[in-house]
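**Student:** A predicted structure for the sequence below; I have some questions about it.
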Amino acid sequence: MKLISGVSMILFIWIVSCTTEESSTTPFPIAKPEHFPPILYNLESNPLTQEGFKLGRKLFNDPILSSDGSVACSNCHVKQAAFTDPQHRLSLGVDERAGIRNAPSIANMAFFSEFVWDGGIIHLDFVPPNAIENPLEMNESLSHVMNKLNRHAEYPELFRQAFPDMDTITSAYLLKSLSQYQLHLISATSRYDQVILGKEVFSEDEKIGFELFSNKCSQCHAGQLFTNMGFSNNGLDTEFADLGRARITESVKDLGKFRIPSLRNCAVTAPYMHDGRFKSLEEVLEHYEHGVHDSPTLDPLLKEAGHLGIFLSANEKQSLLHFLNTLTDHDFIYNPDL
């Protein structure tokens, strides 16, 4: 066997070294806010990298994931609206097909274990197929998306940069990259957060609103994520065209129950409720005072003291709105890197 000369060996080692260096990825960990609960996503199963994040961001904004190339994830999850749909009561898909629900915010998904309005998805990686393969949304199939991505001029190389061991783009790599992007959508720098961290103080109106919120709203909208992660019938209807949580559990006890959403950035995420029926926070507060409908699954918290709903005076409503506005995270919604 012919031995490699010293110069050839050095050249060989240099080439291998450069190849390895070029195929390596750059770690891009989540900066978990100190006052937030633990991250629930298994990061060991999908190590976060700059390459994976950038690929996920590109895919999130690319209509290639839809059947006719007209709808991207970002159509219904608009960054300036805290990744919700501000334009449509019921989010629109290909051919402007109306869905059955309004797109919820996807901020802070790293801290959740159940997703979408009925909680029917229990892993972040499986959230995108819910939209991609829904005929009322992207109307595509994952297999056809893979064909498009593998034939694309840019994506094969971008996927190899994000996943150096990859041979062919598969749905697993697609979903992991989208999760890497979504995991970095952390909203935790609102005025409220600055107050909690001792960097600012509430105004008098905001302080009164916070006390009202703590007394009348925080059982459902609990903790730093402003949700107890549960599902509730908040009295929108007496009959339910959309069964809500009952679509998943098939239990009559869950009729009309929907995920209790986080209130972070709520001042910029109109319209409200699972079907976008309310155009403003004022309408939401009016519902809780005068519009609650009784039914067998109505949340018991809305039937206390023999009164349906939550009574608030005009002044209390204004103070509560002052507080809710402190939850708007301008750094998050205007972050040019997201």
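**Tutor:** It's in. Residues are numbered from 1 along each chain as shown.

**Student:** Tyr41 should be in a strand, yeah?
**Tutor:** No. Tyr41: not assigned to a strand; according to DSSP: H, G, I helix; E, B strand; the rest coil it is coil.

**Student:** any idea how far the residue sitting nearest the centre point of the chain lies from Tyr41?
**Tutor:** Nearest residue to the geometric centre of the chain (C-alpha atoms, centre = their mean): Ile106, 1.0 Å. Going from Ile106 to Tyr41 by C-beta to C-beta, to the nearest Å gives 13 Å. Every C-beta, even on glycine, is put in place using the N, C-alpha and C of the backbone.

**Student:** quick one: secondary structure of the residue nearest to the centre of the chain?
**Tutor:** Recorded secondary structure, Ile106: coil (three-state DSSP).

**Student:** grab the nearest non-local neighbour of it.
**Tutor:** Once flanking residues are discounted, Ile106 sits nearest to Phe83: 4.7 Å by C-beta to C-beta, 6 or more residues apart in numbering.

**Student:** buried sites along stretch 66-85?
**Tutor:** With burial defined by 16 or more other C-beta atoms under 10 Å, the residues of stretch 66-85 counted as buried are 66-67, 71-73, 75-79, 81-85.

**Student:** ditto for stretch 222-239
**Tutor:** 224-227, 229, 231-237.

**Student:** in a strand, that's where Gly235 is, yeah?
**Tutor:** No. Counting by three-state DSSP, Gly235 is not found in a strand; it is coil.

**Student:** check contacts around the closest residue to Ser66 other than its chain neighbours.
**Tutor:** Using C-beta to C-beta, 6+ apart and skipping residues adjacent in sequence, the residue nearest Ser66 is Met138, 4.0 Å away. Remark: with contacts taken as C-beta atoms under 8 Å, 6 or more residues apart in numbering, Met138 is in contact with 65-67, 71, 93-94, 131-132.

**Student:** before we move on, what about Thr168?
**Tutor:** Asn150.

**Student:** what is the burial count for Pro261?
**Tutor:** The number of residues packed around Pro261, counting by other C-beta atoms under 10 Å, is 20.

**Student:** which ones are touching it?
**Tutor:** Contacts for Pro261 were tallied using C-beta under 8 Å, 6+ apart; they are 104-105, 227.
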